[in-house]
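Enquirer: Sequence first, predicted coordinates after that:
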Amino acid sequence: MRVGFLGLGRMGTPVVRNLVAAGFTVTVWNRTRAKADELAAEIPLTVADDPAGLAAAVDVVMTMVADDAAVEAVYLGPEGIAAGIARGAVAMDLSTVAPATSRRVAAALRERGADFVDSPVSGSTKTAEARELLLMVGGDDATVARVRPVLDAIGAAAHHLGPVGTGATMKLALNSIVFGLNAALSEALVLAERAGIDRLAAYEIFASSAIACPVVHYRRAAFERPGEGPVSFRLALGVKDLGLIAELADRVSAPMPQAETNLREHAAAAADGFADWDLAGLAEWLRRRAAAPPDRACRVGGEVAAEREAAVEREAAAPPDATTQWEAAAEREAAAERETAGQREAAARPEIAE
């Protein structure tokens with residue numbers, strides 16, 4: 001099977017290495033060509049000149065990029081995947097994006113006679129290297145079955161959750177917990193420090209207790225030695241994901257007050273100079289707030305928090321009896337999209353005097 005991969009970031013590169021190790025014929029493309037050429041000098045793969053050319057030459061196209069804008073550009077741009085993908089091929093996006101983005105891409109590819117699967121991943125760079133990623137998959141049964149060998153080559157478990165968009169939805173739900181844990185760890189660690197407990201001793205307790213999930217362990221160095229070592233997940237990307245979570249919650253009328261709080265805090269830290277820090281940098285931001293003069297500590301985060309204060313209280317609506325929960329969520333999201341599109345169309349029409 002010929003596999004194409006676009007996006008050689010911290011997670012994408014080890015995924016490509018595992019694809020090659022599994023015996024697939026791999027072609028890659030990266031926005032920065034030099035990174036692709038460097039990888040091609042280490043392992044047997046081909047470097048494509050553009051996404052369209054890559055898509056035309058493979059059976060399965062895989063993407064792993066930063067955000068919704070990057071996904072739409074690489075798929076729907078002038079030289080994007082949709083412009084070159086072969087009829088009968090399958091595209092699979094591993095990025096963390098809005099479910100609506102996955103569905104828009106899927107619709108564009110269907111017009112070209114190609115299929116689409118959204119399969120965001122959960123894990124760290126280390127789990128990616130060890131082929132231990134968790135994959136959350138959305139797509140029709142036949143298409144998921146066709147790409148199952150590829151999924152098995154890069155992860156320890158691939159869960160098929162439903163149609164296109166359900167993988168993206170599940171990833172956002174999962175990440176809401178990850179960011180909540182990140183905030184709680186950050187606050188609790190700084191609390192212990194301010195009360196006179198050594199940072200390393202406090203984290204040892206966390207890592208030995210009931211809360212010691214994988215995140216607590218693989219972010220340990222970042223929490224214990226802030227600002228040192230490699231960044232595994234930028235705080236700015238956390239803010240992006242939390243924004244997607246808030247948007248999805250609003251579309252499907254799911255109350256998420258904790259996620260709203262986490263968004264405010266992470267966004268405030270990013271705005272205060274921590275955007276490029278590891279996600280665990282939230283603790284350092286809180287640490288510096290605690291040491292700052294009272295008026296400064298009160299202001300930090302307040303300005304960012306105020307921007308989202310009006311959108312915090314929502315009621316969950318039960319889905320109609322005639323549909324499943326994912327169908328109801330899709331219907332609510334689609335209705336919101338139609339309303340937004342109508343507003344844009346109305347704004348674009350010239351005013352006509354009566």
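Expert: Perfect, thanks for sending it. Numbering: from 1, shown residues only.

Enquirer: which stretches of the stretch 101-250 of the chain form helices?
Expert: Taking DSSP state H, counting those that start in this stretch as the test, the helices found in the stretch 101-250 of the chain are 125-129, 141-154, 166-194, 199-208, 214-218, 220-224, 235-252.

Enquirer: for those, which one sits closest to Met92?
Expert: For the helices of the stretch 101-250 of the chain, the distance to Met92 is smallest for helix 141-154, at 5.8 Å, taking Cβ to Cβ. Glycine gets a C-beta too; all of them are placed from N, C-alpha and C.

Enquirer: who does the closest one touch, helix- and strand-wise?
Expert: On a contact count with 3 or more Cβ pairs under 8 Å, 6 or more residues apart in numbering; DSSP states H and E, helix 141-154 meets helix 12-21, strand 60-63, strand 90-93, strand 115-118, strand 133-138, strand 155-162.

Enquirer: What are the contacting residues of that helix?
Expert: Contact with helix 141-154 is made by 1, 3, 15, 18-19, 21-22, 24, 60, 62, 90, 92, 115-117, 119, 121, 128, 131, 133, 135, 137, 158, 160, as judged by Cβ atoms under 8 Å, 6 or more residues apart in numbering.

Enquirer: again, but for stretch 193-209
Expert: With contact meaning Cβ under 8 Å, 6+ apart, stretch 193-209 is reached by 185, 188-189, 192, 212, 216-217, 220, 223-224, 287, 290.

Enquirer: Distance of Val71 relative to Ala222?
Expert: Here the criterion is Cβ to Cβ, to the nearest Å. By it, Val71 lies 27 Å from Ala222.

Enquirer: Could you check which of these two is surrounded by more residues?
Expert: Val71 (27 against 22; other Cβ atoms under 10 Å).

Enquirer: Am I right that that one is in a strand?
Expert: No. Val71: not assigned to a strand; according to DSSP: H, G, I helix; E, B strand; the rest coil it is helix.

Enquirer: isn't it right next to Thr101, touching?
Expert: Yes. At 5.8 Å, Val71 counts as touching Thr101 under the criterion of Cβ atoms under 8 Å.

Enquirer: Below-threshold pLDDT in this structure: ranges please.
Expert: For the chain, the stretches flagged by pLDDT under 70 are 295-354.

Enquirer: repeat that with 80
Expert: 293-354 (pLDDT under 80).

Enquirer: how is it carved up into domains?
Expert: As assigned by automatic domain parsing, the chain contains the domains 2-164, 169-311.

Enquirer: For burial, what's the neighbour tally of the closest residue to Asp140 other than its chain neighbours?
Expert: Of all residues not flanking Asp140 in the chain, Pro163 sits nearest, at 6.6 Å (Cβ to Cβ, 6 or more residues apart in numbering). By other Cβ under 10 Å, 18 other residues sit near Pro163.

Enquirer: same check, this time on the one 5 residues further on
Expert: Neighbour count of Ala168, defined by other Cβ under 10 Å: 28.
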